[in-house]
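A.B. asks: Predicted model, plus sequence, below.
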Amino acid sequence: TGVLAEKCTAINHAWNHRMKTGMPWVIAKCGMSLDGRISSSDRRWITSETSRHHAMLFRRRVDAILVGGNTVRCDNPRLTVRGVRKTRTMGASPKFATASANCLVLTPLLGAGPYRVIWTRSKENIPKESYLLTDEFRERTIVLENCTLRKGLQNLAARGISSVLIEGGGVTLGKAFEENLVDEVRFYIAPLILGGEALTIPGNVMIPPITFSKLHHRQLKPDHLMTGLVAK
């Protein structure tokens, strides 16, 4: 009847997007300095504890978190939801795929956090002792091997995953923008100048100018959060 149709569409936008396009809703997220650096040799964290907590709150809303193989090798991330309730609200499906990228085995979510996804040329390049392969949630790690990022995201959509948060690194973020795969951005910007080579998007990545709709700014003292939808 159209009652609350706009609100219902907004709530289910990731699921609707997957049904329409065969792709998950892709959010590019990073924490960076004012000069666009995403890591520093003398700082463990670039953004503040407030920003990191805010980012953790957003993690619980997505179906999967994706990083490149180099991020796993360099940072050994856990990609879990910590310190907040694991409540999912963005297009989550009742069941998801586990095991390898070539297998569609559906298992109940049971209130756990998002799936962890590694995009890499080969699983053999991922350290066997990494958290994503050995921790208590290892059965919920998906490895996308030897495929383009677009094909990998299509693979996730076929598994029932409606929203994917890309958290890095720079090569993976750059490829996502280069292939026009990003639907939304969430950039946490710290008031720092760091220098160095670890850019949000590497200089050798060629992307067309990207414009945004519904661009918003929020201060998370001392940092700033910029969010927006990619105009397509």
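C.D. replies: That came through, no problem.
A.B. asks: wait, doesn't residue 78 sit right on residue 136?
C.D. replies: No - with contact defined as CB atoms under 8 Å, residue 78 does not reach residue 136; the gap is 10.3 Å. From N, CA and C alone the C-beta is placed, and that goes for glycine too.
A.B. asks: Which one of these two is surrounded by more residues?
C.D. replies: More crowded of residue 78 and residue 136, by other CB atoms under 10 Å: residue 78, with 15 against 8.
A.B. asks: helix or strand for the more buried one, which one?
C.D. replies: Per DSSP states H and E: residue 78 is located in neither a helix nor a strand.
A.B. asks: so who does it touch?
C.D. replies: If you count contacts by CB atoms under 8 Å, 6 or more residues apart in numbering, residue 78 has them with 131, 132, 135.
A.B. asks: same check, this time on residue 211
C.D. replies: Here residue 211 is in contact with 230, 231 (criterion: CB under 8 Å, 6+ apart).
A.B. asks: Can you tell me how far it is from residue 229?
C.D. replies: Distance, residue 211 to residue 229, using CB to CB, to the nearest Å: 10 Å.
A.B. asks: ranges for the strands of the chain?
C.D. replies: Under the criterion DSSP state E, the chain contains strands at 25-33, 64-68, 95-98, 105-108, 115-120, 141-145, 163-168, 184-190, 212-220, 223-230.
A.B. asks: Any idea which of those has the lowest pLDDT on average?
C.D. replies: For those, the weakest mean pLDDT is recorded on strand 95-98, namely a mean of 38.
A.B. asks: If you rank every helix and strand of this protein by mean pLDDT, what lands last?
C.D. replies: Confidence across the helices and strands of the chain bottoms out at strand 95-98, with a mean of 38, counting by mean pLDDT, DSSP states H and E.
A.B. asks: Next, format the strands of the chain as CSV and append distance to residue 176 and mean neighbour count.
C.D. replies: Shown next, in CSV, are the strands of the chain (distance: least, CB to CB, whole Å; neighbours: other CB atoms under 10 Å):
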stretch, distance to residue 176, mean neighbour count
strand 25-33, 6, 23
strand 64-68, 9, 25
strand 95-98, 21, 18
strand 105-108, 26, 11
strand 115-120, 10, 24
strand 141-145, 13, 21
strand 163-168, 5, 26
strand 184-190, 10, 20
strand 212-220, 15, 12
strand 223-230, 10, 18
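A.B. asks: I'd like those as JSON lines, with distance to residue 55 appended.
C.D. replies: Output for those, formatted as JSON lines (distance: least, CB to CB, whole Å):
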{"stretch": "strand 25-33", "distance to residue 55": "7"}
{"stretch": "strand 64-68", "distance to residue 55": "11"}
{"stretch": "strand 95-98", "distance to residue 55": "22"}
{"stretch": "strand 105-108", "distance to residue 55": "26"}
{"stretch": "strand 115-120", "distance to residue 55": "15"}
{"stretch": "strand 141-145", "distance to residue 55": "20"}
{"stretch": "strand 163-168", "distance to residue 55": "9"}
{"stretch": "strand 184-190", "distance to residue 55": "6"}
{"stretch": "strand 212-220", "distance to residue 55": "9"}
{"stretch": "strand 223-230", "distance to residue 55": "9"}
